[in-house]
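>>> here is the input, now give the coordinates:
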Amino acid sequence: MKENTITSTWNDASEGLAEGGDIADRIARRTLARRGAHYAGEVRALLDAALEVMRRRGTASRPRVADIVTAAGLSNDAFYRHFRSKDALVAAIMEDGAERLCGYIAHQMAKEAAAQGQVRRWVEGVLSQAMDEETAATTLAVMWNAQSVGEGFLAGPPTIADRLATLLREPYARLGSDRPDLDASLAAHATVGRLADHLWQRVPPTRADIDHITRFCLRTVSPEEAHE
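Here you go, the predicted structure:
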């Protein structure tokens, strides 16, 4: 046995005794924690690599698993340790992107006290995906890849619109909606649909577009309150 292995084993045993409890259980837990951190790093590398490969290819062709693992610097074994198929990876990218976008929009909405202001921040956040050229290209590429697995912007539960709708429920309730869940869902699907149009047409939304969609979202609840 090598010296560093002996030292590592002795250190683990010493730490296990210091922590109390069964030493075998303690050491096993630390081993699993280290393995979990390693696996989390693999998953993140695969997600980031797949996103970059998709962005480069755009809507010209869909990447293969081999392309993704090469870009990530990993093996096929590593890929299939975490994803049963490329479709599962694409679905995970959609979920990851939705979580990031919702977090960003929630942060922007928190800057506003009035419900009307929060709705406008929400519209701006959704359409921001089509504002910047690189962001728009990446979003379009993911959307195009996701269509093949029924995970697109306008398909298959849960959609990005469903997630974004949850952010509108509270301001809609404050605006007087008697069905904030339904109103938020309708507004979210309409706005995300418009986002998809901008992405496919490769035309960023204008300030006038944002103003119009904001008025639409507010009218969904109450035209009178929208103009107070």
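>>> wouldn't Thr191 be in contact with Val123 here?
Yes - Thr191 lies in contact with Val123 (CB atoms under 8 Å); the separation is 6.3 Å. (Glycine included, C-beta is placed from N, CA and C.)
>>> ok, these two, which is more surrounded?
Shown here are Thr191 and Val123; by other CB atoms under 10 Å, Val123 has more neighbours (27 against 22).
>>> are there residues contacting both of Thr191 and Val123? Which ones?
Residues touching both Thr191 and Val123 (CB atoms under 8 Å, 6 or more residues apart in numbering): 213, 217.
>>> distance from whatever helix or strand Trp144 lives in to the middle of the chain?
In this structure, Trp144 is located in helix 133-147 according to DSSP states H and E. Chain-centre distance of helix 133-147: 13 Å, with CA atoms, centre = their mean, to the nearest Å.
>>> for stretch 48-61, same thing?
16 Å.
>>> pull out the buried positions in that stretch.
By 16 or more other CB atoms under 10 Å, the buried positions in stretch 48-61 come out as 49-55.
>>> how far away is Leu140 from Asp96?
Between Leu140 and Asp96 the computed distance is 17 Å (CB to CB, to the nearest Å).
>>> who's more crowded, these two?
Leu140 (22 against 16).
>>> was I right to think the more buried one contacts Arg55?
No - contact criterion CB under 8 Å: Leu140 and Arg55 do not qualify, at 9.1 Å.
>>> just want the most central residue of this protein.
By CA atoms, centre = their mean, the chain has its centre lying nearest to Gly97, at 2.0 Å.
>>> isn't it right up against Met143?
No - if you go by CB under 8 Å, Gly97 and Met143 don't touch, sitting 9.7 Å apart.
>>> pull the CA atoms of the helix holding Trp144 into PDB?
Included here for helix 133-147 are C-alpha records, laid out as PDB according to Å, rounded to 0.1, in the frame of the first residue of the first chain:
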ATOM      1  CA  GLU A 133     -27.900  38.500 -30.300                       C
ATOM      2  CA  GLU A 134     -25.900  35.800 -28.600                       C
ATOM      3  CA  THR A 135     -28.600  35.100 -26.000                       C
ATOM      4  CA  ALA A 136     -31.300  34.900 -28.700                       C
ATOM      5  CA  ALA A 137     -29.200  32.600 -30.800                       C
ATOM      6  CA  THR A 138     -28.600  30.200 -27.900                       C
ATOM      7  CA  THR A 139     -32.300  30.300 -26.900                       C
ATOM      8  CA  LEU A 140     -33.400  29.600 -30.400                       C
ATOM      9  CA  ALA A 141     -31.000  26.700 -30.700                       C
ATOM     10  CA  VAL A 142     -32.200  25.100 -27.500                       C
ATOM     11  CA  MET A 143     -35.800  25.600 -28.500                       C
ATOM     12  CA  TRP A 144     -35.200  24.000 -31.900                       C
ATOM     13  CA  ASN A 145     -33.400  21.000 -30.300                       C
ATOM     14  CA  ALA A 146     -36.200  20.700 -27.700                       C
ATOM     15  CA  GLN A 147     -38.900  20.400 -30.400                       C
END
